Each structure stands twice: as C-alpha cells, then as structure tokens.
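K.L.:
Sharing a model prediction with you, sequence too.
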Amino acid sequence: MRISKTYLSLLVVGLFGISMVSTSHIDDTNGELSNFSFDRVVFRTVKDCSLDKIPDIKYFLEEDGGKYPKLDIYLSEGEPRFELSKEGKVVDTIRVGRYNIKAIRNLLAELGVKRDESHSYEKKAAVIAIEQAFKVPHEPPPKPAAAANGKEDL
C-alpha cells in the first residue's frame with residue numbers, strides 16, 4: 001500500500017498541530033481550580049408569589065433554610081442562587097432555581113454547610129430577640145456636667 005505525499009504531509013501537519021495544543025480550557029494551568037476556596041455561603045432568592053412556581057425553593061426558604069445555622073439568607077431580585085464569597089468578594093454563583101430539595105441539601109453538604117436539625121427560624125428569632133434585649137450600648141451614657149467637674153449637686 002502506497003501513501004501519497006499529499007496525504008502524508010497533511011497527516012504530519014495534523015499530528016504536529018495536535019501536539020502543539022497541550023492544554024484546554026479546563027486545565028488548571030494557573031491554579032484557579034486547585035486553589036479555589038470560599039469562606040461564606042449566601043442564599044439569595046425572591047419572595048412571595050414568585051416562589052409559587054418553584055415549590056422546592058419555597059419550601060427551602062420557609063422551612064429547611066432555618067436548619068443551616070451558618071447559612072445567610074437574603075431576599076433579593078433574580079433567580080434563586082447560592083453565592084460563594086471569599087473576604088467579602090463573590091467568587092462563584094450557583095443558580096438553583098430548578099433544583100429539588102434533595103439536590104439543594106446535597107449541594108450544601110458538598111459546600112461544607114452543616115445541617116442541624118435542632119435549629120429553626122423560631123430559635124434564630126429568639127436568639128436575636130435576647131441579644132437585642134441585653135445589648136450593651138457602645139458608648140456609656142454621658143455624665144452630667146457637675147459630676148464631670150467633680151462637683152455633686154445636693
């Protein structure tokens with residue numbers, strides 16, 4: 001079997017071209033994937049009747065979300081999502097509008113957000129109320145002018 005020079009030339013050029021492309025868009029050449037980290041997870045979603053179309057997100061927001069003490073939940077515009085932040089800067093967003101409740105729980109477990117069945121929104125509200133009731137003012141109340149000068153009024 002004889003191979004034509006043209007075919008052989010194309011084969012050599014093709015193999016040479018393939019060997020020159022040694023990386024792809026998913027290779028971790030600069031460490032972005034292997035060094036990826038975050039220190040905060042925030043859940044953002046819409047509220048009220050907008051959630052009627054996505055019952056699993058509504059259930060998570062109203063019931064399940066309270067079982068994650070380290071998860072911050074905010075009502076905002078846009079699609080339901082988890083925002084991963086590092087040092088106050090959002091480093092990734094995971095849109096979860098089509099996730100079911102099991103997928104959301106699995107995602108949170110993979111992100112390292114621990115679920116605690118003993119927590120609830122009611123307990124969170126009670127803790128906030130107690131903290132507000134016993135909140136110490138940042139600055140002491142001002143002293144009367146006479147007491148500040150060492151004189152006391154009788």
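P.N.:
That came in fine, so what should we check first?
K.L.:
State the helix or strand in which the closest residue to F60 other than its chain neighbours lies.
P.N.:
In space, and not counting its chain neighbours, F60 is closest to I104: 5.5 Å by CB to CB, 6 or more residues apart in numbering. To be clear about C-beta, it is placed using only N, CA and C from the backbone, and glycine gets the same treatment. I104 belongs to helix 101-111 when assigned by DSSP states H and E.
K.L.:
So which elements touch that helix?
P.N.:
Packed against helix 101-111, as judged by 3 or more CB pairs under 8 Å, 6 or more residues apart in numbering; DSSP states H and E, are the following elements: helix 55-62, strand 81-86.
K.L.:
and the last one with helix 101-111, angle?
P.N.:
In terms of direction (axes from the mean of the first three to the mean of the last three CA atoms, to 10 degrees), strand 81-86 departs from helix 101-111 by 0 degrees.
K.L.:
Name the residues of strand 81-86 that are buried.
P.N.:
Using 16 or more other CB atoms under 10 Å as the test for burial, strand 81-86 gives F82, E83, L84.
K.L.:
ditto for stretch 71-81
P.N.:
Under 16+ other CB under 10 Å, the buried positions of stretch 71-81 are L71, P80.
K.L.:
quick one: average confidence on it?
P.N.:
Mean pLDDT, computed over stretch 71-81, is 91.
K.L.:
Also stretch 134-142?
P.N.:
So the average pLDDT for stretch 134-142 ends up being 66.
K.L.:
first to last residue in it, what's the distance?
P.N.:
Start-to-end span of stretch 134-142 (CA to CA, to the nearest Å) is 20 Å.
K.L.:
do the same with stretch 106-123
P.N.:
24 Å.
K.L.:
buried stuff in that stretch?
P.N.:
Neighbour-count burial for stretch 106-123 [16+ other CB under 10 Å]: L108, V113, H119.
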